[in-house]
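Undergrad: Got a predicted structure plus its sequence, pasted below:
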Amino acid sequence: MHLGVIGYGNIAQTLLDLLSQPGAPAVTRVTLLVRPGKAEAVAEATGGSALPVATVETAEALIAGGPDLVVECAGHAGVTAHVTTVLRAGIDTVVVSIGAMSDDALAAELKAAAKAGGARIVLPAGAVGGIDLLSSLSASGPVEVTYRGIKPPKAWAGTPAEAVADLDTLDHALVFFEGTAREAASQFPKNANVAATLALAGAGLDATRVELIADPAAAGNIHAYEVRSSVATYSMKIENLPSKGNAKTSVSTIYSVLREIRNRLAVVAI
Ligand SMILES: NC(=O)C1=CN([C@@H]2O[C@H](COP(=O)(O)OP(=O)(O)OC[C@H]3O[C@@H](n4cnc5c(N)ncnc54)[C@H](O)[C@@H]3O)[C@@H](O)[C@H]2O)C=CC1
Ligand SMILES: O=C([O-])CC(=O)C(=O)O
């Protein structure tokens, strides 16, 4: 597989490392789409990679290389800037920054581009689990979903949580946001993609209730949710190890992307 990757931050860097390990899915080359002016520095940084890595600065150059699959891991801005062009070129794209789909106009544009190009938008489970069951249950009738995202205070740095609490001195768990998944995804683009994922799989962006919590006692990034439907009722609590390169992003997100790649290449997909 020739893999295209949009962004070269925490997720992309770790993904490249994982793809270079023995037993990794058979990705034989990678093209990275990075921000304008960054290609040379990223080419230098990836020079020692076990995989052949090309670095480009435009979606057109990414497409020209003919990747079999593209993975976006460049934040909501990266989705807006590049994913429409890639889909219109007929290349299936794994969108990690799922919260970008909470913008109805952008979501419509992405879907239209995918349709025009004959490509698919793949939304990975990311840092959360149980999306298979939730998505299945949503066909059975109404589903009710409530989600709590709990992270240590430093993971909320640079977000609207700073207006509500002093994150450096916070000594108790604080619910600083209550609202819908749509509101959470747009106000916390680096922290509430899970809320959008649950919403898109289940009750929708405006009916999925979300609480976001800064908790100094949290051992990691915790995603807890309850689902009620006529067919099944369940609850999940996932305690995630934060990434070394970005405390906001759980390591499991990167393994979820790896799973999408593995399943594209495997005889048995699971
Ligand atoms: N679905 C899920 O469960 C999760 C989704 N995410 C999403 O993944 C995103 C990436 O996560 P990390 O790698 O940890 O963040 P990061 O901040 O370490 O990396 C993002 C990279 O994208 C680059 N970038 C931004 N705009 C770009 C553009 N227009 N073109 C090319 N590159 C661009 C940045 O320069 C940066 O290097 C997060 O912002 C978040 O939206 C993160 C965690 C979980
Ligand atoms: O990685 C995580 O734990 C979740 C996250 O940042 C998000 O939902 O955007």
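TA: Nice, thanks for sending it over. Ligands and ions are numbered 1, 2, ... in the order given.

Undergrad: how far away is M1 from ligand 1?
TA: Here M1 is placed at a distance of 21 Å from ligand 1 (C-beta to the nearest ligand atom, to the nearest Å). For every residue, glycine as well, the C-beta is placed using N, CA and C.

Undergrad: pLDDT wise, what is that residue at?
TA: Looking at M1, its pLDDT stands at 98.

Undergrad: Contacts only, for it.
TA: 25-28, 68-69, 261, 264-265 (C-beta atoms under 8 Å, 6 or more residues apart in numbering).

Undergrad: Can I have the buried ones of these as a PyMOL selection?
TA: Buried residues within the contacts of M1, by 16 or more other C-beta atoms under 10 Å, are selected in PyMOL with:
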select buried, resi 25+27+68+69+261+264
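
Undergrad: Going by distance to ligand 1, which of the contacts of M1 wins?
TA: Ranked by distance to ligand 1 (C-beta to the nearest ligand atom), the contacts of M1 are led by I261 at 15.1 Å.

Undergrad: State the helix or strand in which that closest one lies.
TA: Assigned by DSSP states H and E, I261 belongs to helix 251-265.

Undergrad: Mind giving me the packing neighbours of that helix?
TA: helix 10-19, strand 69-72, strand 93-95, strand 233-240 (3 or more C-beta pairs under 8 Å, 6 or more residues apart in numbering; DSSP states H and E).

Undergrad: Okay, angle between the longest one and helix 251-265 too, please.
TA: What that stands for is helix 10-19. 50 degrees (axes from the mean of the first three to the mean of the last three C-alpha atoms, to 10 degrees).

Undergrad: got the phi/psi numbers for E178?
TA: Phi and psi for E178, reported as degrees, to the nearest 10, are phi -130, psi 130.

Undergrad: Also T55?
TA: Dihedral angles (degrees, to the nearest 10) for T55: phi -130, psi 130.

Undergrad: Whichever strand or helix holds D132 near ligand 2 anywhere?
TA: D132 belongs to helix 131-137 when assigned by DSSP H and E. No: applying C-beta under 6 Å from any ligand atom, one finds helix 131-137 separated from ligand 2 by no less than 12.5 Å.

Undergrad: And the helices and strands packed on helix 251-265: which comes nearest ligand 1?
TA: helix 10-19 (3.4 Å).

Undergrad: ok, then the element right after that closest one?
TA: strand 29-33.

Undergrad: quick one: average pLDDT of that next one?
TA: The model assigns strand 29-33 a mean pLDDT of 98.

Undergrad: and that strand, which residues are buried?
TA: 30-33.

Undergrad: again with stretch 253-263
TA: Under 16+ other C-beta under 10 Å, the buried positions of stretch 253-263 are 253-262.

Undergrad: A107: which of those is nearest?
TA: Set against A107, the nearest of the buried residues of stretch 253-263 by C-beta to C-beta is E260 (19.4 Å).
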